[in-house]
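Enquirer: Take this sequence and fold it.
(3 chains)
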Amino acid sequence: MKYQSQQVAKLYFIAAIGLFVGQILFGLIIGAQYIWGDFLFPQLPFNQARAVHTNLLIVWLIFGFMGAAYYLVPEEAETDLVMPWLARLMFWIFLAAGAATILGYIFLPYADLAKLTHNELWPTMGREFLEQPTITKLGIVVVALAFLANIGLTILKGRKTVINLVLMMGLTGLAVFFLFSFFNPTNLVWDKYYWWWVVHLWVEGVWELILGSILAFILIKTTGVDREVIEKWLYVIIAMTLITGIVGTGHHYYWIGTPEFWQWWGSIFSAMEPIPFFMMTVFAFNMVNKRRRNHPNKAAVLWALGTAVMAFLGAGVWGFLHTLAPVNYYTHGTQITAAHGHMAFYGAYVMINLAMISYAMPLLRGREAANSNRSQVWEMWGFWLMTISIVFITLFLTAAGILQVYLQRFSDNPMPFMEAQSKIVLFYDLRELTGLVFLIGLVVYIASFFVGAKEAEAKTDGEEVVTA
Amino acid sequence: MNETRARHLFRPCTWVYVVLLSLTFITWLVGVNHFSGRFFAFLVFGFALLKGQLIGDYFMGLKQVAGPWRWVVFTWLLLVGILISSAFWQTV
Amino acid sequence: MSETKKPRWPPGDLVIWIFIMAELLVFGVFFATYAFTRAHHVAQFDTYQLTLNRNAALINTLALITSSYFVVRAVAAIRADNSQACFRWLLAALAMGLLFLVVKGAEYHHHFSMGVNLGTNTFYMFYLSLTFFHFLHVVLGMIILLAVALKAHRGGYSAAEHTGVETGASYWHMVDLVWMILFPLVYVMR
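Expert: Residues are numbered from 1 along each chain as shown, chains lettered A, B, ... in the order given. This next block holds a predicted model:
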């Protein structure tokens, strides 16, 4: 760590991991509700628990992105953050607002939460992922503006690097597209149309810019490869992301009342969305192969490579599986979607956050470059347990989805939804068990922050890479 | 380059340019006369593939490259050629 | 010139070639989709293809080929260490690109004023999407060429180091290459 103000990132990282734990616990709860329909009913109905699971995911990822930006931007700009106090203040406001909202989901029936927060004044509630009360949404905007001002001014003050500019573009896009969550047309088609501008253009657009720039930063730091080389890759990955991702929004417009051309646009362009992810995989492995040094933080390199592979599989391959209109005609809104969602979010955005945390946390805690060997071994166990679990969760959900599509939509005598569900419950059992393994992996990961904390740093003695 | 100029009146790229213009002109003639059917469709499509290969070889300079990169444009033209031909074969 | 071993890498930055391959893949899929969709709607495609302006397409094809040729000359000029000649060839190439945009714009204007839009029928959906997607690539290619031209004008390239010129040139040739297929496929083959 080179600048004192980078220290603020630590708060954000800790909060992110804390909320991650909450997300997984609620994931296990709704996973159990798939098996025992009345589990925790009526105290915690499925819809509320699911909102907590997904909202916690998004909030902790954003905490992670903010932490990553507060760490990365000053280092790239070679100057202190302009307003570290504002970053701290916004942290507590965001955390408090987030916690209050989550508690609202858990302890109030959703309709009561809407009444309590006067949703009728400016109705924005009730849509998947955007369930937050209007007042929380306004708070998010304030936090986002303060955040963007803080890092934007820092970038303006200091050295301008491609990584910083791409990150800034991504984060600005994140804020801008969130504004569409305030737009709530009564026509259901328009409503869905703009809803995807938040949801899709986040995860398949601007978030990929954030992902790309953080990955590039970690690779520069851990491999010592020339910045120019990494920046060039970043450019093409981003160009390809935007070309395929923006029009690729069409794959959400298939059966919701939009014009037919969206089926063509959506199919063709989103079929190409794996390309930037594939480039990212090639890029990451290439850079690590060309490395000029062996970085002692092996765990961070593992996370970075893991991101590149799992993002390609989860977002690229599993996205492609059901993105073509004729296929999606059958798979729309089935467990196939859930399978894709789990592996894509984990592979792309969870892992890039954990990669950044893995790289930055030792430095934020006063280490020279890396944690002790023992700590890293624990962290890598966490990596493998969580990653393998998510692979199996994805496979089980894919199997459940294929069966569901067949029983409910494809066979000669289609079953009603609930009857089909009862036939695939075995896969939900397996998914829940795998989810428990994921939780164990998460516990091991968190333990890695505490074990070996007093031991000496890992070194790379005896295996220096000879530079050409 | 100077040596090349000494030996030829025109650069190779200029010859290629003239060929590209001519093939384009023939394609246009087929088009404005609404000539249809397998012969004409595949004639102009063959020209298109040939033009693509010339652009790859001479304009993009792939003729001077060894190894797999030499065949980037060729491979693409081959794949596109097979796909489009198979779709058009029975329907023109 | 002594007989040297052929280089392993194509001219320009290797990363642009990765990008070119990705772009070619997208266009390839688009072309194939067009062709196979046409096979299911032959009558419709053949009918509405006649409403397209083949003269405009001819001008545009000539414009792109000429533009590409000028870019080849620009690369030759910088290899001979002549920055200003390189700059002038690039300007000429940009003028041809501009001509393409104007002609294509006039075509769109004609079709739109006839009330054609993406929802009119499958043929027009493909015609408009495919050509507009290509149109955007012409715009992007021109932005790249303009950046290269300005740098050449400032004397930013030399016979020894001109990767940037070759990079921009390669991308521009790709835009041309794709149109070579698009022109007969959409305007002529029936």
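Enquirer: ok, then the element right after the longest helix anywhere in chain B?
Expert: The helix of greatest length in chain B, counted in residues with DSSP state H as the criterion, is given as helix B:12-32. Going down the chain from helix B:12-32, the next helix or strand is helix B:38-54, by DSSP states H and E.
Enquirer: Point out where chain B drops to low pLDDT.
Expert: When the per-residue scores of chain B are filtered using pLDDT under 70, the ranges that remain are B:1-9.
Enquirer: By proximity to chain A, which residue of it wins?
Expert: Per CB to the nearest CB, residue B:83 is where chain B lies closest to chain A, at 13.8 Å. (Glycine included, C-beta is placed from N, CA and C.)
Enquirer: Distance of that residue relative to residue A:58?
Expert: Using CB to CB, to the nearest Å, residue B:83 is found at 41 Å from residue A:58.
Enquirer: Quick check on the two: which one has the bigger neighbour count.
Expert: Set residue B:83 next to residue A:58 and count neighbours by other CB atoms under 10 Å in any protein chain shown: residue A:58 wins out with 20 against 17.
Enquirer: Count the residues that sit near the nearest residue to residue C:121 once chain neighbours are set aside.
Expert: For residue C:121, the nearest residue in space outside its immediate sequence neighbours is residue C:44; the separation is 6.1 Å by CB to CB, 6 or more residues apart in numbering or on different chains. Close neighbours of residue C:44, defined as other CB under 10 Å, add up to 15.
Enquirer: Contact partners for residue C:44?
Expert: The neighbourhood of residue C:44, defined by CB atoms under 8 Å, 6 or more residues apart in numbering or on different chains, consists of C:121-123.
Enquirer: and those residues, which of them are in helices?
Expert: Short answer: these in helices (DSSP H) are C:122-123.
Enquirer: Could you rank the contacts of residue C:44 by neighbour count and give me the top one?
Expert: residue C:123 (22 neighbours).
Enquirer: gap between that one and chain A?
Expert: Here the criterion is CB to the nearest CB, to the nearest Å. By it, residue C:123 lies 12 Å from chain A.
Enquirer: So that residue sits against residue C:48, correct?
Expert: Yes: the criterion here is CB atoms under 8 Å, and residue C:123 meets it with residue C:48 at 4.3 Å.
Enquirer: Now for these two: what residues contact both?
Expert: Between them, residue C:123 and residue C:48 share no contacting residue, judged by CB under 8 Å, 6+ apart.
Enquirer: Report the secondary structure state of the residue of chain B closest to chain A.
Expert: At residue B:83, secondary structure determined by DSSP: H, G, I helix; E, B strand; the rest coil is helix.
Enquirer: ok, it - contacts?
Expert: With contacts defined as CB under 8 Å, 6+ apart, the neighbours of residue B:83 are C:28, C:31-32, C:35-36.
Enquirer: quick one: buried residues of the helix or strand hosting residue A:235?
Expert: Using DSSP H and E, residue A:235 maps to helix A:227-248. Judged by neighbour count using 16 or more other CB atoms under 10 Å in any protein chain shown, the buried positions of helix A:227-248 are A:229-234, A:236-238, A:240-245, A:247-248.
Enquirer: For chain A, which segments are assigned as strands?
Expert: For chain A, no strands turn up when DSSP state E is the criterion.
Enquirer: Can you give the domain ranges for chain A?
Expert: A:1-160, A:203-451 (automatic domain parsing).
Enquirer: Between its first and last residues, how far does the shortest one reach?
Expert: With CA to CA, to the nearest Å as the measure, domain A:1-160 spans 19 Å from end to end.
Enquirer: and it, how far from the chain's centre?
Expert: Shown here is domain A:1-160, whose average C-alpha point lies 12 Å from the average C-alpha point of the whole chain (CA atoms, centre = their mean, to the nearest Å).
Enquirer: And the last one, by the same measure?
Expert: Its chain's C-alpha centre and that of domain A:203-451 lie 8 Å apart, by CA atoms, centre = their mean.
Enquirer: That domain close to chain B?
Expert: No: on the criterion CB under 8 Å from any CB of the partner chain, domain A:203-451 is out of touch with chain B, staying 13.8 Å away.
Enquirer: OK, contacts around the residue nearest to residue B:67 when sequence neighbours are not counted?
Expert: Of all residues beyond its chain neighbours, the one nearest residue B:67 is residue C:8 (5.2 Å), with distances taken as CB to CB, 6+ apart. With contact set as CB under 8 Å, 6+ apart, residue C:8 has these partners: B:65-67, B:69.
Enquirer: separation between the residue most central in space within chain A and residue A:182?
Expert: Most central residue of chain A, judged by C-alpha distance to the mean C-alpha position with CA atoms, centre = their mean, is residue A:349 at 2.9 Å. Taken as CB to CB, the spacing of residue A:349 relative to residue A:182 amounts to 23 Å.
Enquirer: what does residue A:278 give?
Expert: Distance, residue A:278 to residue A:182, by CB to CB: 36 Å.
Enquirer: Poorly predicted segments of the stretch 101-250 of chain A, please.
Expert: For the stretch 101-250 of chain A, no stretch has pLDDT under 70.
Enquirer: need the contact list for the closest residue to chain B within it.
Expert: Taking CB to the nearest CB, chain B has its nearest neighbour within the stretch 101-250 of chain A at residue A:236, 15.5 Å off. Counting by CB under 8 Å, 6+ apart, residue A:236 touches A:279, C:15-16, C:18-19, C:22.
Enquirer: Among these, which pair sits farthest apart?
Expert: Of all pairs drawn from those, the greatest distance, 12.6 Å, lies between A:279 and C:16 (CB to CB).
Enquirer: Backbone dihedrals for residue B:36, please?
Expert: phi -130, psi 180 (degrees, to the nearest 10).
Enquirer: From residue A:208, how far off is the nearest residue to it once chain neighbours are set aside?
Expert: With sequence-adjacent residues excluded and distances taken as CB to CB, 6+ apart, residue B:36 is closest to residue C:190, at 4.3 Å. Computed as CB to CB, the residue C:190 to residue A:208 distance reads 41 Å.
Enquirer: neighbour-wise, which of the two wins?
Expert: Taking residue C:190 and residue A:208 together and counting by other CB under 10 Å, residue A:208 has the greater number of neighbours (29 against 21).
Enquirer: just checking, that one touches residue A:275?
Expert: No: between residue A:208 and residue A:275 there is no contact under CB under 8 Å: 11.7 Å.
Enquirer: how deep is residue 66 tucked in, by neighbour count?
Expert: By default, I'm working from chain A. Summarising burial for residue A:66: neighbours were counted as other CB under 10 Å, giving 27.
Enquirer: The chain in question should be chain C.
Expert: The local packing of residue C:66 (other CB under 10 Å) involves 20 other residues.
Enquirer: Kindly spell out which helices and strands sit in contact with the helix or strand hosting it.
Expert: Taking DSSP H and E as the definition, residue C:66 sits inside helix C:54-79. Using 3 or more CB pairs under 8 Å, 6 or more residues apart in numbering or on different chains; DSSP states H and E as the contact criterion, the secondary-structure elements in contact with helix C:54-79 are helix B:12-32, helix C:83-113, helix C:122-153, helix C:163-182.
Enquirer: Would you check how far apart the residue nearest to residue B:36 and chain A are?
Expert: According to CB to the nearest CB, residue C:190 and chain A sit 21 Å apart.
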